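Engineer: no sequence for this one, just the structure:
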């Protein structure tokens, strides 16, 4: 309670963001009010801009500011590689590495028998279309190394079998990782996929 | 990197908030874009409102939306009690407890020889004025239990000595606290201030 209605409403709404709770929302709001010109006003304006323009790319499911996202619109990215990810956050993570120069396809989740998510609930039919029509030569299955992620990868691999080259991300020891802190599954995968030194 | 300039700018600015870093800012922005109507647009509008209206109360230093904050403006709160706190966040914490019905005075920091903060850098002269003119009968020194907080409390007590009743918050075991986890200083204070059961 800040003794003011608008400020309280702002704190309450900030507290709904993932990673923030009531206490950190209060700290953030106080900080923003103190840095009004540098932070609060520009942030409000950016939010308005993004709220007005952000939308899902009709082609790949990425979030951008047009009907077709910048990656799908760029001819330079049409190199025959298509990277399939679960979520927009995964696409952003891949882009941060800066190493992948092809296009993406965001499924919007994983198949799940428990939550009754079938192929038609995800962007899988659209994926099969794109592979046929966009001259894709290799599909990289960059799904999370979870049970649902791997089930989904196997399902997509079954659907695309024989039409296109398929690959998945390598599994092993993360860079900077210490064996003592890794789980047995990762160590087993890294050992099975060992390469000549 | 989201492959979009506006969204990247929003993430970068969100990451400047206390308690958020680049990763949590990305999560928050993605969440907001997904809940655009419920979260992003109302949040942007609230921020605009607060940015346009929030200001420091000229009387006590609280943050509100007028020249005089709601607490100073309320006649019901003029009960002769004045609670002195370091920071607006401390005032908000006191208000959440809902138990104090008087007015506040926000110093805006603590005296500090190291950081060369003197009485005139804080709202101390204004405090001495208020005690004279607002019919204050008791000043509650609710400063933090830190070295600087207590130094400031002693300085203010010296200035007000003899003109008004002075008190400070009780020190002791916090509600729900376990002795094993408390520092020696707190246990000593709680023991010295023990009361009949």
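Structural biologist: Perfect, I can see it now. It should be emphasised that the depicted structure is a prediction, and the values quoted were computed from it without experimental measurement.
Engineer: So what's the residue count around residue A:46?
Structural biologist: 21 (other C-beta atoms under 10 Å in any protein chain shown). C-beta here means a position set from N, CA and C on the backbone, and glycine is covered the same way.
Engineer: can you tell me which residues contact it?
Structural biologist: Contact analysis of residue A:46 by C-beta atoms under 8 Å, 6 or more residues apart in numbering or on different chains lists B:6, B:9, B:10, B:13.
Engineer: same question for stretch A:132-151, mean pLDDT?
Structural biologist: Throughout stretch A:132-151, pLDDT has a mean value of 92.
Engineer: near chain B at all, that stretch?
Structural biologist: No - shown here: stretch A:132-151 not in contact with chain B (C-beta under 8 Å from any C-beta of the partner chain), separated by at least 15.3 Å.
Engineer: What distance separates the opening and closing residues of that stretch?
Structural biologist: Length of stretch A:132-151, first residue to last, C-alpha to C-alpha, to the nearest Å: 23 Å.
Engineer: buried ones in that stretch?
Structural biologist: A:136, A:139, A:140, A:141, A:142, A:143, A:144, A:148, A:149 (16 or more other C-beta atoms under 10 Å in any protein chain shown).
Engineer: can you list contacts of that stretch?
Structural biologist: Counting by C-beta under 8 Å, 6+ apart, residues outside stretch A:132-151 touching it are A:78, A:80-86, A:90, A:94, A:100, A:102-103, A:107, A:110-112, A:130-131, A:152-153, A:156-157, A:160, A:163-169, A:171.
Engineer: do that again at 6 Å, thanks
Structural biologist: A:80-86, A:110-112, A:152-153, A:160, A:164-169 (C-beta atoms under 6 Å, 6 or more residues apart in numbering or on different chains).
Engineer: Ok, stretch A:96-116 next?
Structural biologist: Applying C-beta under 6 Å, 6+ apart, the external contacts of stretch A:96-116 come out as A:60-62, A:71, A:77, A:79, A:81-86, A:88, A:91, A:94, A:117, A:122-123, A:127, A:148-149, A:151-152, A:155, B:1.
Engineer: first to last residue in stretch A:76-83, what's the distance?
Structural biologist: Using C-alpha to C-alpha, the end-to-end distance of stretch A:76-83 comes to 15 Å.
Engineer: Centre of the chain to that stretch, how far?
Structural biologist: 17 Å (C-alpha atoms, centre = their mean, to the nearest Å).
Engineer: Is chain B within reach of that stretch?
Structural biologist: No - for stretch A:76-83, no contact with chain B is found by C-beta under 6 Å from any C-beta of the partner chain; the gap never falls below 9.8 Å.
Engineer: List the buried residues of that stretch.
Structural biologist: For stretch A:76-83, a neighbour-count test (16+ other C-beta under 10 Å) marks A:77, A:81, A:82, A:83 as buried.
Engineer: repeat for stretch A:180-192
Structural biologist: Neighbour-count burial for stretch A:180-192, counted by 16+ other C-beta under 10 Å, picks out A:182, A:186, A:189, A:190.
Engineer: Angles on the backbone of the first one, please.
Structural biologist: In this entry, residue A:182 is assigned phi and psi values of phi -90, psi 150 (degrees, to the nearest 10).
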